[in-house]
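Undergrad: how would this look folded up:
(chains A and B)
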Amino acid sequence: MAKITLDNLAHSYYPKPKTEDDFALKELNHVWTDGEAYALLGSSGCGKSTLLNIISGLLNPSQGRILFDDVDVTQASTADRNIAQVFQFPVVYDTMTVHDNLSFPLKNRGASAEYIAQRVQQIGSMIGMEAELDKRARGLTADAKQKISLGRGMVREDVNALLFDEPLTVIDPHMKWELRTQLKSLHHEFGHTMIYVTHDQTEALTFADKVVVMYDGRVVQIGTPEELFEKPQHTFVGYFIGSPGMNVIPAKVDKNVATVHGTAVSLGQSFAPLDGKVELGIRPEFATLTEGEGLPVKVRRVEDVGRHKIVRAELFGNEINIVAGEGTSISPDMNRVVFDPKRVNVYVNDWLKEGEAA
Amino acid sequence: MEKTVNQKAWFLILPVLLLVAFSAVIPLMTVVNYSVQDTFGNNQFFWAGLEWFEEMLRSERMWDALGRQLMFSAIILSIQVPFGVFIALNMPKSGFWSSFCLVMMSLPLLIPWNVVGTIWQIFGRVDIGLLGYTLDALGISYNYTQNTFAAWATIIVMDVWHWTSLVALLAFAGLKSIPDAYYQAAKIDQASRWAIFRYIELPKMMGVLMIAILLRFMDSFMIYTEPFVVTGGGPGNATTLLSIDLVKMALGQFDLGPAAAFSIMYYLVILLISYVFYTVMTNLDKKGG
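TA: Got it, this is the predicted structure:
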């Protein structure tokens, strides 16, 4: 178990990167606190797996250092780093039995026979495969194989960190939930530093203490699920997290009033004059459909998702989503939208701008 | 899916049937025809029944040739398979050098059999051949026309030179298809180089390797041209493999009956061994061997 420090880290798959675009992973400084569970969230190709492989030592970064508990391990091999990693697609040793698959990492590190036997039993029951321990891995289904991969990742207790690279992609939904719960309890029990890569926000938000959102090779925000929801640092975070995502509306901002196509929207804070692309970010949850005042919208359709209704509407040609409570009735006269001023975030060139209290 | 029955579909296999008839069935039947008859020339044939088969089964000559043949196949398989795998493991996986290796290794495969034989026949000659002359100059007694061991060594080295690339290329294809994640997982699990080979590379290569072994077995069991060009079956009968013996019998002595019986048994042996090999291997595969 260790604190992992990324110092000035960046990676490019090109031998001689010229522009910033050549970098799959842009310069990054971050400390992964010992014993915390992180989720690394982002769309495909944003550099999540690159970052993970650099931490585990499968990839050598183009620049920067990695420290485990203040020891520089940038040049250390994967084995020396003592890390467990589970991959997106099942990797099992076909010719071995389930038992041998699980004991393989322990054997390679010279653990005692008793310890191996006891540990394999424990992990076997954790992944629900006690009965199949003596079966060969070859004939098993994809999700059984992935459970073995997970088990092999968890079988060593002394690892510095546990890395998961979208491990539940091939698992069916019910088992997904169960395994995620297992991982969480494992985390509580042993306090490993865990980094869990996913593009599924539900998975990220339920698993992690802290969520790291990546976009285009860059970490755009690190925070608790609440922080990501309430104060997305980047429009991508707002858009990526939440269902539906945050509404982003082009606007002009003057002190504590924003203007959207000539209509004033009051803000909870006051801003100095802003340069660049100015946008308002409002979560659908904090927008309300009304009859009287507000911005004019054209309601396209209403979706009832059970707990609430999602109103899909159009605002000056842009799509806007509004969440209405399950009980509220939506009448044809409701063609205005108002926002909770405290919940309106202002973005300049896609990054959150904090103003002063109004 | 609903199955439709249409007897006219049989016509669709007619072209294949005709082709196979002309390429395999009819020639094979003429051989069967010869094997049960005797002739004293003048195109007159007499029914001989299974006489030739009985004679051949009692023939020491045939058993000796079969013994030499099995030994030859066993030796070249036990060299070419591990050696081919070894080469594949050590080849560059991508980039210019990978293509370069692939092309270089394919070259021996493109050379006609009799040319291969001629190359080695000259290469090994003590008077003008580079190999023979060098060995002789080093004081090593090497003469494939007189020394049994030298003759065997020459045809085996020749076959290894000619065909190891085939095994290597197939093994390389098998290796290339292994996803990176396997190697990464092995690194994470701290597997040794041997364990990576034993538990990842070998199982993943098994399919193509089986094809390679089968091809090499059948080919080596039927080998004729190269050893014939180099040693002509000699010294004495030391390198007279089955096919060389067969040709001697059929075209040299013109013993059509015994030769035909011989060919049929030869054919059945190949069929049998290939079948047994294939069945055993697929069974192992199913069991997850």
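Undergrad: Tell me the bridge partners for B:Asp38.
TA: Counting by DSSP bridges, B:Asp38 forms beta bridges with B:Phe46.
Undergrad: Give me the neighbour count for it.
TA: Per other C-beta atoms under 10 Å in any protein chain shown, the neighbour tally for B:Asp38 reads 17. No exception for glycine: its C-beta is placed from N, CA and C like everyone else's.
Undergrad: Same check on A:Gly317?
TA: Counted with other C-beta under 10 Å, A:Gly317 comes out at 7.
Undergrad: And it, how far from A:Val260?
TA: According to C-beta to C-beta, to the nearest Å, A:Gly317 stands 12 Å off from A:Val260.
Undergrad: helix or strand right after whichever helix or strand B:Leu107 is part of?
TA: Per DSSP states H and E, B:Leu107 falls inside helix B:96-110. Once the chain leaves helix B:96-110, the next helix or strand it forms, by DSSP H and E, is helix B:113-123.
Undergrad: thinking again about what came up before, now the helix holding B:Leu107, how far from the chain's geometric center?
TA: A distance of 21 Å separates the centroid of the chain from that of helix B:96-110, by C-alpha atoms, centre = their mean, to the nearest Å.
Undergrad: who in the stretch 101-250 of chain A is up against chain B?
TA: Within the stretch 101-250 of chain A, the positions near chain B by C-beta under 8 Å from any C-beta of the partner chain are A:104-105, A:108-109, A:136-139, A:149, A:152-153.
Undergrad: Show me which pair in these is furthest apart.
TA: The largest separation in these, counting by C-beta to C-beta, is between A:Arg109 and A:Gly139 at 28.1 Å.
Undergrad: Measure how buried the residue in the stretch 151-300 of chain A that chain B sits nearest to is and give me the count.
TA: Nearest residue of the stretch 151-300 of chain A to chain B: A:Arg152, at 6.7 Å (C-beta to the nearest C-beta). Counted with other C-beta under 10 Å, residues neighbouring A:Arg152 total 27.
Undergrad: Which positions within the helix or strand hosting it qualify as buried?
TA: Element membership of A:Arg152, judged by DSSP H and E, is helix A:142-154. Going by neighbour count (16 or more other C-beta atoms under 10 Å in any protein chain shown), the buried part of helix A:142-154 is A:143-154.
Undergrad: Stretch A:16-31 now?
TA: A:17, A:23-28.
Undergrad: cool, and stretch A:220-228?
TA: A:220-223, A:225, A:228.
Undergrad: Can you name the residues of chain B sitting close to chain A?
TA: B:179, B:181-182, B:184-185, B:187-192, B:195, B:199-200, B:203-204, B:287-289.
Undergrad: Going through those, which ones are buried?
TA: B:181-182, B:184-185, B:187-191, B:195, B:199-200, B:203-204, B:288.
Undergrad: Any regions of the stretch 1-150 of chain B where pLDDT drops low?
TA: In the predicted model of the stretch 1-150 of chain B, residues B:1 satisfy pLDDT under 70.
Undergrad: so what's the closest residue to A:Asp143 other than its chain neighbours up against?
TA: Leaving out its chain neighbours, the residue that sits closest to A:Asp143 by C-beta to C-beta, 6 or more residues apart in numbering or on different chains is A:Ile171, at 4.7 Å. By C-beta atoms under 8 Å, 6 or more residues apart in numbering or on different chains, the contact set of A:Ile171 is A:143, A:146-147, A:179.
Undergrad: and if you look at B:Asn43?
TA: Counting by C-beta under 8 Å, 6+ apart, B:Asn43 has no contacts.
Undergrad: Kindly confirm my reading that it is in a strand.
TA: No - checked against DSSP: H, G, I helix; E, B strand; the rest coil, B:Asn43 lies outside a strand; its state is coil.
Undergrad: any idea how far A:Phe236 is from it?
TA: 91 Å.
Undergrad: cool, A:Val253 as well?
TA: Noted for A:Val253: a distance of 20 Å to A:Phe236, by C-beta to C-beta.
Undergrad: Now which of the residues of the stretch 101-250 of chain A next to chain B would you call buried?
TA: A:104-105, A:108, A:136-138, A:149, A:152-153.
Undergrad: Which helix or strand contains A:Ser185?
TA: Assigned by DSSP H and E, A:Ser185 belongs to helix A:173-190.
Undergrad: Next, the angle helix A:173-190 makes with whatever helix or strand comes next after that helix.
TA: Using DSSP H and E, the helix or strand that follows helix A:173-190 in sequence is strand A:193-198. Strand A:193-198 runs at 160 degrees relative to helix A:173-190, counting by axes from the mean of the first three to the mean of the last three C-alpha atoms, to 10 degrees.
Undergrad: list the buried ones in the helix or strand following strand A:193-198?
TA: On the C-terminal side of strand A:193-198, the closest following helix or strand by DSSP H and E is helix A:201-207. Using 16+ other C-beta under 10 Å as the test for burial, helix A:201-207 gives A:201, A:203-205, A:207.
Undergrad: so how many other residues sit close to A:Gly294?
TA: Residues lying near A:Gly294 (other C-beta under 10 Å) number 18.
Undergrad: what does the one 10 residues further on give?
TA: Counted with other C-beta under 10 Å, residues neighbouring A:Asp304 total 10.
Undergrad: cool, the one 3 residues further on as well?
TA: Number of residues near A:Arg307 (other C-beta under 10 Å) recorded here: 8.
Undergrad: care to break chain A down by domain?
TA: Following automatic domain parsing, chain A resolves into domains at A:4-240, A:248-357.
Undergrad: Among those domains, single out whichever gets nearest to B:Ile273.
TA: Proximity to B:Ile273 (C-beta to C-beta) singles out domain A:4-240 among those, at 25.5 Å.
Undergrad: now the closest one, how far from the chain's geometric center?
TA: Taking C-alpha atoms, centre = their mean, one finds the center of domain A:4-240 at 12 Å from the center of the full chain.
Undergrad: Quick check: mean pLDDT of stretch B:274-287?
TA: For stretch B:274-287, mean pLDDT rounds to 78.
Undergrad: One more: stretch A:262-271?
TA: pLDDT averaged over stretch A:262-271 gives 83.
Undergrad: what pairs with A:Val299 across the strands?
TA: Residues in beta-bridge contact with A:Val299 (DSSP bridges): A:Ala313.
Undergrad: Hmm, A:Lys309 and it touching each other?
TA: No - the pair A:Val299 / A:Lys309 is not scored as a contact, 11.1 Å apart, by C-beta atoms under 8 Å.
Undergrad: List the residues that are in contact with both of the two.
TA: The contact sets of A:Val299 and A:Lys309 overlap at A:Ile330 (C-beta under 8 Å, 6+ apart).
Undergrad: now for whichever strand or helix holds A:Thr50, which elements pack on it?
TA: Using DSSP H and E, A:Thr50 sits in helix A:48-56. Helix A:48-56 sits against strand A:4-12, strand A:23-32, strand A:37-41, strand A:83-86, strand A:161-165, strand A:193-198, helix B:180-188, with contacts defined as 3 or more C-beta pairs under 8 Å, 6 or more residues apart in numbering or on different chains; DSSP states H and E.
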